[in-house]
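*Asks:* quick one: sequence plus predicted model below, questions after.
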Amino acid sequence: IKKIAVLTSGGDAPGMNAAIRGVVRGALSEGLEVFGVYDGYYGLYHNKIKQLNRYSVSDVINRGGTFLGSARFPEFKDREVRAKCAEVLRSHGIDALVVIGGDGSYTGAKLLTEEYGVACIGLPGTIDNDVPGTDYTIGYQTALETAVEAIDRLRDTCSSHQRIAIVEIMGRHCSDLTISAAIAGGCEYIVASEHAFDREELIQQIERSIANGKRHAIVAITELITDVHELAKEIEARVKHETRATVLGHIQRGGTPCAYDRILASRMGVYAVELLLQGKAGYCVGIQNEQLVHHDIIDAINNMRRPFKEDLMKVSEKLF
Ligand code: ADP
């Protein structure tokens with residue numbers, strides 16, 4: 001392997017820049033040439049590729065988002081589209097590709113390795129923490145800090161006005177962000193995607209605690225479960241307390257990456273290059289019990305989904 005490329009794919013996350021920087025500087029230190037692919041698989045298909053040097057990644061370690069840009073490109077599921085992408089890489093003499101994204105991006109990378117012999121390594125980049133084969137994804141810890149800060153602010157205004165707040169937190173079908181943010185932010189209720197949502201039970205709990213004299217209540221709920229504005233109206237009508245829903249949305253995706261994410265991303269970027277130099281292809285990188293690990297992408301996707309954090313949920317129940 002002499003020339004490698006790096007791209008970011010799927011939803012962006014704080015720390016992706018630090019991961020790109022890790023790949024670039026890790027590769028240069030091994031005497032490899034490095035190329036940046038702009039706008040994910042879409043840019044790969046359209047040959048949006050530029051050689052990078054060590055100064056291409058100056059001043060990015062502290063910047064959120066991804067300077068390479070990211071994209072969704074469902075066409076990549078089409079084998080002929082992948083064939084063209086492999087051809088583009090070959091035309092630059094590139095033999096390996098580091099893909100920073102989630103499990104969808106991993107699947108694309110694995111296919112590129114198996115079908116066309118491009119040595120691909122996947123790095124977990126998403127705030128959702130929903131990537132198999134790792135305890136943490138790049139961006140998760142930063143998004144958690146952002147969500148907790150938002151909850152703190154809501155708490156101030158809720159206690160002043162005896163208001164009920166519903167906070168919708170990202171994570172798709174993974175409630176790691178919701179549960180951790182709820183514990184750190186002292187939320188009274190958690191609605192997680194991994195449990196069936198019992199609307200009636202939630203409303204009755206809130207009714208009881210307000211009747212017992214609580215001045216405010218904060219409900220943390222994962223996205224894609226219910227329309228939180230409708231839920232707020234329903235709670236307000238039943239509990240007779242002003243209730244507002246706040247959707248944190250893309251605010252959670254942006255911002256300066258925290259130190260943990262910068263370090264994790266840097267380590268993973270350097271590690272990806274080391275794996276490629278060992279001749280590994282079709283693997284994804286993770287951190288498990290504080291150690292960097294790599295797994296076959298298919299094995300990770302099929303067998304390494306982390307179980308729901310039931311232990312954290314139990315802790316949270318004692319704190320409310
Ligand atoms: P994530 O990587 O965060 O899971 P997506 O699921 O949106 O995000 O995937 C990002 C991109 O990866 C898609 O837009 C597509 O280009 C590629 N991709 C996703 N799933 C597949 C698949 N099954 N086969 C090939 N490429 C895929």
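*Replies:* Yep, that arrived. Here the structure is a predicted model, which is why all the values come from computation and not from measurement. Numbers count the residues shown, from 1 in each chain.
*Asks:* how about the residues of the stretch 51-200 of the chain by the ligand?
*Replies:* Contact residues (CB under 6 Å from any ligand atom) of the stretch 51-200 of the chain with the ligand: 72-74, 76-77, 101-105, 107-108, 111, 126. Backbone N, C-alpha and C define where each C-beta goes, glycine included.
*Asks:* distance of the spatially most central residue of the chain relative to S9?
*Replies:* Nearest to the geometric centre of the chain sits T126, at 1.7 Å (CA atoms, centre = their mean). From T126 across to S9, the span is 10 Å (CB to CB, to the nearest Å).
*Asks:* who touches both of those two?
*Replies:* G101, G102 (CB atoms under 8 Å, 6 or more residues apart in numbering).
*Asks:* take the residues of the stretch 51-200 of the chain next to the ligand and keep only those in helices.
*Replies:* With helices taken from DSSP state H, the overlap with these comprises D103, G104, S105, T107, G108, L111.
*Asks:* can you pick the most crowded of those residues?
*Replies:* S105 (31 neighbours; other CB atoms under 10 Å).
*Asks:* still on that earlier bit, from what I see, the residue nearest to the centre of the chain and T142 are in contact.
*Replies:* No - contact between T126 and T142 fails when scored by CB atoms under 8 Å: they sit 11.4 Å apart.
*Asks:* common neighbours of these two, please.
*Replies:* Joint contacts of T126 and T142 (CB under 8 Å, 6+ apart) are A13.
*Asks:* helix, strand, or coil at Q204?
*Replies:* helix (DSSP: H, G, I helix; E, B strand; the rest coil).
*Asks:* now do the strands in the stretch 101-250 of the chain.
*Replies:* 119-124, 164-169, 189-191, 217-222, 243-247 (DSSP state E, counting those that start in this stretch).
*Asks:* just name the most buried of these.
*Replies:* strand 119-124 (a mean of 29; mean count of other CB atoms under 10 Å).
*Asks:* which elements pack onto that strand?
*Replies:* strand 96-101, helix 103-116, helix 259-277, strand 283-288 (3 or more CB pairs under 8 Å, 6 or more residues apart in numbering; DSSP states H and E).
*Asks:* can you put these in TSV and add mean pLDDT?
*Replies:* TSV is the format used below for those (pLDDT from 0 to 100):
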stretch	mean pLDDT
strand 96-101	98
helix 103-116	98
helix 259-277	98
strand 283-288	98
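*Asks:* just say which of the ones you listed is most tucked in.
*Replies:* Buried most deeply of those, by mean count of other CB under 10 Å, is strand 96-101, with a mean of 30.
*Asks:* so what strands line up beside that one?
*Replies:* Strand 96-101 sits in its sheet next to strand 3-8 (parallel), strand 119-124 (parallel), going by DSSP bridges.
*Asks:* can you list contacts of the first one?
*Replies:* When you say that, I think you mean strand 3-8. Contacts of strand 3-8 (CB under 8 Å, 6+ apart): 16, 19-20, 23-24, 27, 32-38, 40-41, 43-44, 49, 52, 66, 68-70, 89, 92-101, 125, 273, 276.
*Asks:* after it, next one along is what?
*Replies:* Sequence order places helix 16-29 as the next helix or strand after strand 3-8, per DSSP states H and E.
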